[in-house]
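Enquirer: okay, structure incoming, though there's no sequence with it:
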């Protein structure tokens, strides 16, 4: 069974929004093969590509999709590269840095974002992961 995200895994502060995305690794790999390197450059920051494996990049994409859901859609003038997903801590939680219009959105709403992945494993199948992002009130 998929476990719930523990409150201790989310930074202190009231939760202001959350988003989830079900990542299908086979569909992601197919899209990557069909579209080639230009697609990767539109989605991922150079630091993300340098630091992550192909499976991890797929999971980062799922986290980025979750961020877009938290925000309520990608604001005009923003792009997926404006969502930079950091390295996972010991608890599996990843910090999320926002740039451009997304950073302005975060500042206006007074929130910080974090995300992560819950591998679905035998529950949904080995090719599926549940990716998530949470917006919590920023420290004053």
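Expert: Nice, I can see it. Just so you know, these numbers come straight off a predicted model, no measurement behind them.
Enquirer: low-confidence ranges, the chain, go.
Expert: Filtered on pLDDT under 70, the chain yields the residue ranges 1-12, 121-123, 140.
Enquirer: helices of that one, start to end?
Expert: Secondary structure of the chain, counting by DSSP state H: helices at 25-35, 37-43, 46-51, 54-71, 100-109, 121-124.
Enquirer: would a markdown table of those with distance to residue 82 and mean neighbour count be doable?
Expert: Quick note: C-beta positions are derived from backbone N, CA and C, even for glycine. Below are the helices of the chain laid out as a markdown table (distance: least, CB to CB, whole Å; neighbours: other CB atoms under 10 Å):
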| stretch | distance to residue 82 | mean neighbour count |
| --- | --- | --- |
| helix 25-35 | 19 | 13 |
| helix 37-43 | 11 | 12 |
| helix 46-51 | 12 | 13 |
| helix 54-71 | 9 | 21 |
| helix 100-109 | 5 | 15 |
| helix 121-124 | 29 | 11 |
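Enquirer: okay if I get these as TSV plus distance to residue 115?
Expert: Shown next, in TSV, are these (distance: least, CB to CB, whole Å):
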stretch	distance to residue 115
helix 25-35	16
helix 37-43	15
helix 46-51	13
helix 54-71	4
helix 100-109	13
helix 121-124	19
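Enquirer: among these, which comes closest to residue 88?
Expert: Residue 88 lies closest to helix 54-71 among the helices of the chain, at 9.0 Å (CB to CB).
Enquirer: closest to the centroid, which residue in this structure?
Expert: With the centre of the chain defined as its mean C-alpha position, the nearest residue by CA atoms, centre = their mean is residue 63, 1.8 Å away.
Enquirer: in contact with that residue, which residues?
Expert: When contacts are counted by CB atoms under 8 Å, 6 or more residues apart in numbering, residue 63 touches 21, 85, 94, 96, 115-117, 131-133.
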